[in-house]
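>>> Just to be clear, the model below is a prediction. Sequence and coordinates:
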Amino acid sequence: MNDVFKRGPKNLITDVSGLLVGNAQNQIIKSGVSVLYGINPFLAGINVMGGAPGTRETDLLSPDKIVQMVDAIVLSGGSAFGLDAASGVTDELKNKGRGFPTSAFPVPIVPSAILYDLNNGGDKNWTINPYRKLGTHALNSVSKDFKLGSIGAGLGANTLNLKGGLGSSSVILENGITVGALVAVSSVGSTVMGQSPHFWAAPFELGGEFGNLGSFKNYDSQQSGWTREKPLKKESTTIGIVATDAILDKSQATRIAIAAQDGIARAIFPSHTPFDGDLLFSVSTGKFRLEDSTFDTLKIGHAGAQCVARAIARAIYNATPSDSDILPCWSNFNKRP
């Protein structure tokens, strides 16, 4: 299979036609929300591989469930509190008349997932859950263009040894189909090789999008980045979305979400741990018909995995420092003596 990938014009998930992304964050609580919004309802699937996921309205994405289309997907910080972000999005979409038709009125379908960022140095002593309002703000800010790094659901994220963030990437396949990813990275594992600035995702980098350093040739494979003497950073989760403009059914979307999980494993070491809630949504906006449904599904899943790995590295690469950070940013590697 030819792995000649061409970056999309924006190198963002919004290179997939019909999709917009909005972000909202609160610097005081050091957390935020990211929303993937469909100009039209879109098909979605999901795969969960982490041991501690937090989700809302994801059961209906199973191939045997009656709902075929969703209106938006929410990625949020805040652990269980962050699930309320989807309520803000749902309320706003109801006002727009969006949703699954019922005998009363359309009911917006907004699956969501959360990551853990409660111990990141932000002030969490709220009396009213802030995530509902953040969800509304994120939906109202949707655009084809958005920033990466310390923004949206990635604002308060952390990895084993570096500040996390929000990342995105895209590719255009030789048949014209576009594949993109949006990932909020908060992981037990590390995105870099040992104590170096070299990303595990380096072999998949396109056009110097995260520093063009390549792999660390002197990496000691016996040094995993943590040991029995250094406790694991617990309570984490990497959550994301893989999208394509190919026409898929829910079974194919689910299969692509499964395949794209390889991207998390390629970019984070270790990944899919009992402490992570790692999961990926898979989205289809239904523009291009597949010529070979089985083989083209394979290609899209493979491209999705590459996009996920690249998006993870781009999240860390673009993270920026702020007051009360508990971990350094990747950019700090360049400032070390």
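Yep, that arrived. It should be emphasised that the depicted structure is a prediction, and the values quoted were computed from it without experimental measurement.
>>> Leaving out sequence neighbours, find the closest residue to residue 25.
residue 32 (3.1 Å; Cβ to Cβ, 6 or more residues apart in numbering). The way it works is simple: take the backbone N, C-alpha and C, and place the C-beta from them, glycine included.
>>> ok but the one you found is inside a helix, no?
No - going by DSSP: H, G, I helix; E, B strand; the rest coil, the assignment for residue 32 is strand, not a helix.
>>> Quick one: the strands in the stretch 151-300 of the chain, in order.
165-172, 178-185, 239-246, 279-288 (DSSP state E, counting those that start in this stretch).
>>> Can you tell me how far the residue of the chain most remote from its centre is from residue 55?
Most distant from the centre of the chain: residue 103, at 34.4 Å, with distances by Cα atoms, centre = their mean. When distance is defined by Cβ to Cβ, to the nearest Å, residue 103 is 27 Å away from residue 55.
>>> Equivalent analysis for residue 306, please.
25 Å.
>>> quick one, which of the two is more surrounded?
Between residue 306 and residue 55, residue 306 has the larger neighbour count (other Cβ atoms under 10 Å), namely 25 against 19.
>>> is it true that that one touches residue 204?
Yes - the pair residue 306 / residue 204 is scored as a contact, 5.0 Å apart, by Cβ atoms under 8 Å.
>>> quick one: pLDDT of the residue farthest from the centre of the chain?
For residue 103, the pLDDT comes out at 92.
>>> measure it to residue 72 for me?
23 Å.
>>> what stretches of this protein score poorly on pLDDT?
For the chain, residues meeting the criterion pLDDT under 70 lie at 1-4, 220-234, 334-337.
>>> which helix is the longest one in it?
Counting by DSSP state H, the longest helix found in the chain is helix 293-317.
>>> Which positions within it qualify as buried?
Using 16 or more other Cβ atoms under 10 Å as the test for burial, helix 293-317 gives 296-297, 299-317.
>>> How about residue 21, nearest residue that isn't a chain neighbour?
Closest to residue 21 by Cβ to Cβ, 6+ apart is residue 146, at 4.9 Å.
>>> I figured the one you found was touching residue 24, is that so?
No - Residue 146 lies out of contact with residue 24 (Cβ under 8 Å); the separation is 11.1 Å.
>>> wait, what's in contact with residue 215?
193, 198, 202, 203 (Cβ atoms under 8 Å, 6 or more residues apart in numbering).
>>> Could you rerun that using 6 Å?
198, 202 (Cβ atoms under 6 Å, 6 or more residues apart in numbering).
>>> Pull up the gap between it and residue 44, please.
34 Å.
>>> what does residue 169 give?
With Cβ to Cβ as the criterion, residue 169 and residue 44 are 19 Å apart.
>>> And residue 283, by the same measure?
5 Å.
>>> if we can go back for a sec, looking only at neighbour counts, state which of residue 169 and residue 44 leads.
residue 169 (35 against 29).
>>> partners of the more buried one in the sheet?
Going by DSSP bridges, residue 169 is paired in beta bridges with residue 181.
>>> Hmm, it is touching residue 311, no?
Yes - using Cβ atoms under 6 Å, residue 169 is in contact with residue 311, at 4.5 Å.
>>> what residues do those two have in common as contacts?
With Cβ under 6 Å, 6+ apart as the test, residue 169 and residue 311 both reach residue 181.
>>> any idea which residue sits dead centre in this protein?
Centre-most residue of the chain, counting by Cα atoms, centre = their mean: residue 183, 1.8 Å.
>>> all strands for the stretch 1-150 of the chain, in order.
6-7, 19-26, 31-48, 55-56, 69-76, 112-114.
>>> neighbours around residue 235, how many?
Around residue 235 there are 17 residues (other Cβ under 10 Å).
>>> what sits against it?
Counting by Cβ under 6 Å, 6+ apart, residue 235 has contacts residue 116.
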